[in-house]
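Q: Sequence unavailable; structure follows:
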């Protein structure tokens with residue numbers, strides 16, 4: 001998922017890497033019991049019964065773009081859907097193995113060609129309508145329809161059907177492969193009774209995205225006068241899954257200015273800031289009321305080169321540009337040392353990370369030699385290379401995010417040293433996403449970060465078949481790579497998946513459809529009175545239903561206006577199985 005982000009911690013490092021079993025290791029199992037997440041370490045100061053109540057305010061530099069799974073392109077919106085407002089069929093435990101959630105159990109037959117899910121019978125949508133297998137069927141069929149243009153359709157390749165057994169049981173036919181169940185831990189189920197009359201092509205623009213009716217531990221309560229999103233505790237959430245959340249309310253605020261974020265934290269108007277700018281971490285660490293916490297990251301920073309532009313179609317040109325960029329300087333200056341130079345699209349968190357693969361080395365001399373071999377020389381001695389009368393010039397764009405703009409400024413100066421003229425432009429985040437995901441690819445080059453799924457299937461980024469689709473930014477096609485990308489989702493063992501992924505990384509590191517800048521390192525900062533907060537590779541909102549405020553702090557959050565009520569007039573007809 002593409003993600004707008006701002007920074008990370010400098011405290012203790014968590015040993016993920018190879019110790020984490022990624023979801024690709026979800027091999028077929030015959031059954032699972034009912035096992036909710038373990039409780040956080042008890043606080044001897046506060047009894048369990050006294051943890052309920054209060055409003056926690058989360059701030060970040062990214063807006064929640066939608067509550068609609070059919071239209072989600074960013075990781076924050078996906079996390080809010082998965083962990084707060086909606087429910088997935090399955091979740092993953094700390095070892096990233098599948099555990100029950102909306103589905104209380106499942107069976108897989110001996111040859112892994114049939115999967116049967118048994119749903120809980122005590123989950124309702126927030127308007128009172130029961131959540132049933134009909135909702136699962138609707139979600140699957142709707143998003144499998146090509147007209148829906150679901151950005152993560154590859155999650156369910158090899159899944160067919162489904163067949164409704166009864167009101168709470170559903171069966172699928174599947175093609176056996178590693179990571180068989182992984183998609184069901186990522187896809188929030190949508191309410192059939194509110195969306196089934198919508199054409200597939202219109203799903204992404206349905207009002208549900210702005211005004212959802214969910215079934216998760218928090219219900220959408222509206223927006224306040226400042227546009228902040230308000231979530232309220234769902235009193236009816238099943239006790240076996242943790243029951244009502246501890247917090248009465250969660251408010252999400254979009255606060256883009258790093259100094260404002262820290263000021264709000266210190267004043268008690270915000271309880272947690274996501275992805276704190278590295279420039280603020282030293283000050284935050286000196287404040288005894290605040291805790292700086294590592295957030296394990298899967299993200300990498302990159303420059304995408306638009307292969308629809310003739311300038312970027314030759315891998316030799318893309319490699320020359322990468323050689324001209326001192327990525328260590330980028331990390332030091334733009335991210336204040338928080339990151340490591342990337343050697344491709346798979347970071348150290350994954351078992352397939354190729355430790356032996358060296359990133360393309362920075363060398364101005366090698367970059368100049370490569371550009372001259374391609375015919376780019378400075379014939380008029382103005383400092384900018386040219387070929388056939390055309391200057392070596394292009395535009396690079398990014399969002400208002402300061403880290404990204406700093407990256408661009410540094411890269412601009414470095415490329416200027418080898419005779420490349422780069423013009424910079426800052427765009428609104430939604431406008432940038434529209435430009436880079438459009439089939440026309442209205443850009444030359446852009447800077448962003450990408451957060452891979454726990455199960456890596458990067459056909460959406462680099463497959464020839466995906467050219468023209470949302471995430472094939474580079475319009476890159478390599479006939480050597482194509483069969484490797486196509487084989488990854490069908491691989492039957494984790495060892496086979498890992499070997500294919502290593503070959504994939506070698507090829508894209510050689511061809512540089514992206515310049516892979518850095519593997520990100522991040523931090524959140526929170527007030528000490530916000531308790532029960534954990535962060536791991538599943539996402540920093542994974543356990544939000546078990547966050548709680550110390551009773552003495554429950555009046556510290558800024559006052560918010562009464563929320564605008566969701567549209568109560570929408571129909572919620574009772575439907576037979």
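A: That came through fine. Quick caveat, the model's predicted, so the values are computed rather than measured.

Q: could you pull out the helices for the chain?
A: Secondary structure of the chain (DSSP state H): helices at 75-80, 133-144, 192-195, 258-267, 281-286, 315-324, 327-334, 364-373, 402-416, 429-437, 459-462, 482-487, 494-511.

Q: To residue 92, which of those helices lies closest?
A: Residue 92 lies closest, by C-beta to C-beta, to one member of the helices of the chain: helix 75-80, at 13.2 Å. For every residue, glycine as well, the C-beta is placed using N, CA and C.

Q: State the distance from the residue located most distally from the centre of the chain to residue 386.
A: Outermost residue of the chain with respect to the C-alpha centroid, by C-alpha atoms, centre = their mean, is residue 380; its distance is 46.5 Å. Distance of residue 380 to residue 386, computed by C-beta to C-beta, to the nearest Å: 7 Å.

Q: count of neighbours near residue 364?
A: 13 (other C-beta atoms under 10 Å).

Q: Same check on residue 110?
A: 8.

Q: low-scoring stretches of the stretch 101-250 of the chain, by residue?
A: Across the stretch 101-250 of the chain, nothing is flagged by pLDDT under 70.

Q: Oh, that last question was meant for the stretch 451-577 of the chain, not what I typed.
A: Residue ranges of the stretch 451-577 of the chain with pLDDT under 70: 556-577.

Q: So which of the helices of the chain is nearest residue 541?
A: Among the helices of the chain, the nearest to residue 541 by C-beta to C-beta is helix 75-80 (4.4 Å).

Q: deepest of the helices of the chain, which one?
A: Per-stretch averages of neighbours, counted by mean count of other C-beta atoms under 10 Å, single out helix 75-80 among the helices of the chain, with a mean of 24.

Q: How far does that one sit from its chain's centre?
A: Averaged C-alpha coordinates place helix 75-80 at 7 Å from its chain's average position (C-alpha atoms, centre = their mean, to the nearest Å).

Q: next one: stretch 318-336
A: Here the centre of stretch 318-336 is set off from its chain's centre by 24 Å, with C-alpha atoms, centre = their mean.

Q: What of stretch 175-183?
A: Chain-centre distance of stretch 175-183: 20 Å, with C-alpha atoms, centre = their mean.

Q: That one: which residues count as buried?
A: By 16 or more other C-beta atoms under 10 Å, the buried positions in stretch 175-183 come out as 177-183.

Q: Contacts for that stretch next, please.
A: 23-28, 90, 98, 106, 108, 111-113, 115, 152, 155-159, 174, 453-455, 489-494, 496-497 (C-beta atoms under 8 Å, 6 or more residues apart in numbering).

Q: got a pLDDT number for the nearest residue in space to residue 256 that is not next to it in sequence?
A: Spatial nearest neighbour of residue 256, excluding adjacent residues (C-beta to C-beta, 6 or more residues apart in numbering): residue 61 at 4.7 Å. Per-residue pLDDT puts residue 61 at 84.

Q: out of the buried residues of stretch 175-183, who's nearest residue 68?
A: Nearest to residue 68 out of those is residue 183 (C-beta to C-beta; 17.3 Å).

Q: Looking at the contacts of stretch 175-183, which are in strands?
A: Counting by DSSP state E, the part of the contacts of stretch 175-183 found in strands is 90, 98, 106, 108, 115, 159, 174.

Q: and those as JSON lines, adding distance to residue 212?
A: Shown next, in JSON lines, are these (distance: C-beta to C-beta, whole Å):
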{"residue": "90", "distance to residue 212": "21"}
{"residue": "98", "distance to residue 212": "25"}
{"residue": "106", "distance to residue 212": "26"}
{"residue": "108", "distance to residue 212": "31"}
{"residue": "115", "distance to residue 212": "27"}
{"residue": "159", "distance to residue 212": "25"}
{"residue": "174", "distance to residue 212": "29"}
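
Q: My guess is residue 327 contacts residue 335. True?
A: No: with contacts counted by C-beta atoms under 8 Å, residue 327 stays clear of residue 335, the gap being 10.5 Å.

Q: what touches both of the two?
A: With C-beta under 8 Å, 6+ apart as the test, residue 327 and residue 335 both reach residue 518.

Q: Now the two most distant members of the buried residues of stretch 175-183.
A: 178 and 183 (12.6 Å).
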